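> what follows is a predicted protein model with its sequence.
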Amino acid sequence: MKKHNTRYASNPSSVKALNTQELRDEFLIQNVIKKDKLNWTYSHYDRFMVAGVKPVEKAVKLESIDQLKSSFFLERRELGIINIGDSGIVIVDGKTYNLEHKEALYIGQGNKDVTFSSKLSDKPAQFYLNSTPAHKKFPNKKIAIDDVEVIELGSPQTANARTLRKYIVNSVVDVCQLQMGMTTIKPGSSWNTMPAHVHDRRMEVYFYFEIKENQAVCHFMGEPQETRHIWMANGEAVISPPWSIHSGSGTSSYSFIWGMAGENLDYGDMDVCKIADLK
Ligand SMILES: O=C[C@H](O)[C@@H](O)CC(=O)C(=O)O
Ligand SMILES: [Zn+2]
């Protein structure tokens, strides 16, 4: 059985006392996308799992991990995949899905054999994966660029102009609890998810990418009146507890994939924080 990293759920009052390294150890996931292997991080927040794979030398098989005590990975789970690399191929129980750059695939509970490969090994795919517990099998569905719901948010005046793309949401694909999408900050803007919000009914994971060389994103987390920050490099993810804001400001433009799970599938169920009240 494969090794994985466990992250426990934490109490907001104990998180207040963490120093920089402790905060990073608890919430930051580095080197998410691994060459030719899957290395899962298992969060106890809604049992949300995160991994990424760049197949170069071989096709990579989705295998169960000891933590799941299941005979195959998707026995009691669903899976969302977004390809942020070059052309990729995902084969699910014999059916082939071609995923181009920024296309996604939802795979329902019960599928046994899933493999990831690149069309060209010198131009590899990079698959970002989120998985959550599932108790009902919904059909697999590819989400091509045209299937995505696009929303423009923010403005240059408030440095938060960005394009939000909803990939795996219940208006696009039937899911048990997983939601995934991608947000891209426009050149000249820096802020994502500002005004910030919390949603006590759902946890969230942000995966930052398209951060330019020698640039970074400062991710803000914590209770709205007790915020902390984590400096993030390209290709890193951060776990956001349900009680935490999740917002970032980059030293340049960037993109991120957000994934959520929990009590409901209502994307708009957020408690927005007044900017002037943040501490
Ligand atoms: O609950 C929703 C998630 O935090 C993100 O979709 C927010 C986001 O991408 C943004 O405002 O930039
Ligand atoms: Zn959110």
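It's in. Ligands and ions are numbered 1, 2, ... in the order given.

> excluding chain neighbours, what is closest to Phe189?
Wrong residue type there; residue 189 is Ser, not Phe. Nearest non-adjacent residue to Ser189, counting by Cβ to Cβ, 6 or more residues apart in numbering: Ala161, 4.3 Å away. Quick note: C-beta positions are derived from backbone N, CA and C, even for glycine.

> with Ile275 instead?
That would be Pro195: by Cβ to Cβ, 6+ apart, it lies 5.4 Å from Ile275.

> before we move on, back to that, quick check: phi and psi on the residue nearest to Ser189?
phi -70, psi 120 (degrees, to the nearest 10).

> that one touches Thr183, doesn't it?
No. At 11.1 Å, Ala161 does not count as touching Thr183 under the criterion of Cβ atoms under 8 Å.

> overlap of the contact sets of these two?
Leu153 (Cβ atoms under 8 Å, 6 or more residues apart in numbering).

> sec struct for Asp25, please.
helix (DSSP: H, G, I helix; E, B strand; the rest coil).

> which parts of stretch 120-137 are buried?
By 16 or more other Cβ atoms under 10 Å, the buried positions in stretch 120-137 come out as 124-134.

> and what of stretch 52-70?
Buried, per 16+ other Cβ under 10 Å, within stretch 52-70: 52-55, 60, 62, 64-65, 67-68.

> between those residues, which is closest to ligand 1?
Distance to ligand 1, by Cβ to the nearest ligand atom, is smallest for Gly52 among these, at 18.6 Å.

> on that earlier part again, what kind of secondary structure is the residue nearest to Ile275 in?
coil.

> what do you get for Leu18?
Leu18 - assigned by three-state DSSP - is coil.
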